[in-house]
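Trainee: Need a 3D model of the sequence below.
(one chain, ligands or ions: 1)
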Amino acid sequence: MATETIAASINPWHVAQQQFDLAATHLDLSPGLRKVLREPKRELTVHFPVKMDDGTVEVFTGYRVQHNLSRGPAKGGIRYHQDVSLDEVKALAMWMTWKCAVVGIPFGGGKGGVIVDPKKLSLREVEGLTRRFATEISILIGPERDIPAPDVNTNSQTMAWIMDTYSMHVGYTAPAVVTGKPIPLGGSEGRNEATAQGAVYTIIDAAHHLGMDLTKCRVAVQGFGNAGAIAAQLMFAQGSKIIAVSDSTGAIHRPEGFDPNSVLVWKQKHHSVVGFPGTREISNAELLELDCDVLIPAALENQITAANAGKIQARVIAEAANGPTTPEADEILYKNGRFVIPDILCNAGGVTVSYFEWVQDLDRDFWTIEHVNEKLHAVMTKAFASTLDMSLKERVNMRTAAYMLAVQRVADATSVRGLYP
Ligand code: NAD
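Mentor: Residues are numbered from 1 along each chain as shown. This is a model prediction of the structure:
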């Protein structure tokens, strides 16, 4: 079966609950807390009309889910994709809860999504869709309530439209309602690169732990968007060889390596990485199984499954994407000695700098890129070290270790607040 078909047949919400159950069992969590943390607090479904360029009206479906708010307001991206579903958004919201807890930032988990392929819409239609969706979910969002950010197929422009729409409704400018904004609107230095930068900090720590020299490492990256392309550029800049990258149109491979900066220029012109001179086209499935040292999944969920986990050759799998590996695949990778840096740790740089952006917006006081990266580095290194310690102490893989840290923190916050009323 093709990777896409397998991925589509696995429900990410079931995966998220399975991962949680495993950690809850290890922690011997009380039955009451288990029931509370296993479900999202709120799920909003909206069906909303958008006027298209030809004058017709289309109705789109979107979601905003808040998983747990014990440690602070909800935080999480908004995704535009034709395969978005409520269960996917629920899983992504739950993962945000654990992610914020594992890096110790005072947010709960949220996520949003709209079922749409934005590549089939004009820019004006995407703006109309964004402003109406922002209006529909405005009963939930706000700087103290729920703060969206970019995710797959959304970017700083999308955040600018949401910020403007929300500000028009409340009657004053409210930059802190979203993060990942353009810098002139109160965006943070370093936010655009933060997910990839954070992932690279964890790869450096993993390499140190495993005794690997990153200047001798060969890297394959699945997904060439915000997370993947910048991760490839940063790994290249620090001396690793980028041997393969992919996007939704296909994958390219060159065992001797290539410059990802030039691939980005090529992609901007040709809307695909495929065809980049000097490389051979391979399938996305082949990319995952390549002979390489570091594999960075940076696209969508359920890419590494029981069907292909045994064929993964990379020593380190750095999950820049959310949910790329299923629980069955995790077991196989662990047994085969692969070192997985789990999503809730690996890609937490994005939400960490989102938190920095929110703090800067509320303070009206903006930081330099050096200050942002220094603080991000400190957060990521501390979270990596605590996860590794837990993994070695409890003899569990890095994902379960990160979950144990995160779930315990959220459980503590939830129980100390008490049960209302
Ligand atoms: P993006 O839209 O910028 O990029 C996604 C990339 O994946 C694109 O290049 C697309 O062509 C590619 N892609 C889609 N389907 C593919 C497939 N089947 N095979 C190979 N490539 C495919 O999105 P992004 O923001 O980079 O997000 C990517 C992943 O990182 C998602 O899982 C997202 O949740 C996660 N993430 C993003 C952020 C962030 O700050 N942007 C933060 C944390 C986690």
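
Trainee: okay, CA-based contacts and neighbour counts for the rest of this
Mentor: Noted.

Trainee: any chance you could map the helices in the stretch 101-250 of the chain?
Mentor: Here the stretch 101-250 of the chain has its helices, by DSSP state H, counting those that start in this stretch, at 123-136, 156-170, 191-210, 226-237.

Trainee: Need the residues that contact the shortest one.
Mentor: Pointing back at helix 226-237 there. 192-193, 195-197, 199-200, 219, 221-223, 241-242, 259-261, 264, 296-299, 320-321 (Cα atoms under 8 Å, 6 or more residues apart in numbering).

Trainee: helix or strand for the one residue in the stretch 251-400 of the chain that gets nearest to the ligand, which one?
Mentor: Nearest residue of the stretch 251-400 of the chain to the ligand: Ala321, at 3.4 Å (Cα to the nearest ligand atom). Using DSSP states H and E, Ala321 sits within no helix or strand.

Trainee: what's the closest residue to it other than its chain neighbours in contact with, if anything?
Mentor: Excluding its sequence neighbours, the residue lying closest to Ala321 (Cα to Cα, 6 or more residues apart in numbering) is Ala298, at 4.2 Å. When contacts are counted by Cα under 8 Å, 6+ apart, Ala298 touches 221-225, 227-228, 319-322.

Trainee: ok, now with 7 Å
Mentor: By Cα atoms under 7 Å, 6 or more residues apart in numbering, the contact set of Ala298 is 221-223, 227-228, 319-321.

Trainee: I'd like the residues you listed laid out as CSV, including pLDDT.
Mentor: Below are the contacts of Ala298 laid out as CSV (pLDDT from 0 to 100):
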residue, pLDDT
Val221, 98
Gln222, 98
Gly223, 98
Ala227, 97
Gly228, 98
Glu319, 98
Ala320, 98
Ala321, 98
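
Trainee: quick one: which of these is most hemmed in?
Mentor: Among the contacts of Ala298, Ala320 has the most neighbours (other Cα atoms under 10 Å), with 34 neighbours.

Trainee: ok, now how distant is that residue from Trp161?
Mentor: 26 Å (Cα to Cα, to the nearest Å).

Trainee: Show me which residues of the lowest-mean-pLDDT helix or strand in the chain are buried.
Mentor: Ranked by mean pLDDT, DSSP states H and E, the weakest helix or strand in the chain is helix 3-9, scoring a mean of 83. By 16 or more other Cα atoms under 10 Å, the buried positions in helix 3-9 come out as 3, 7.

Trainee: Which helix or strand lies directly C-terminal to that helix?
Mentor: Next along from helix 3-9, by DSSP H and E: helix 12-27.

Trainee: Check which helices and strands that next one sits against.
Mentor: helix 86-102, helix 398-417 (3 or more Cα pairs under 7 Å, 6 or more residues apart in numbering; DSSP states H and E).
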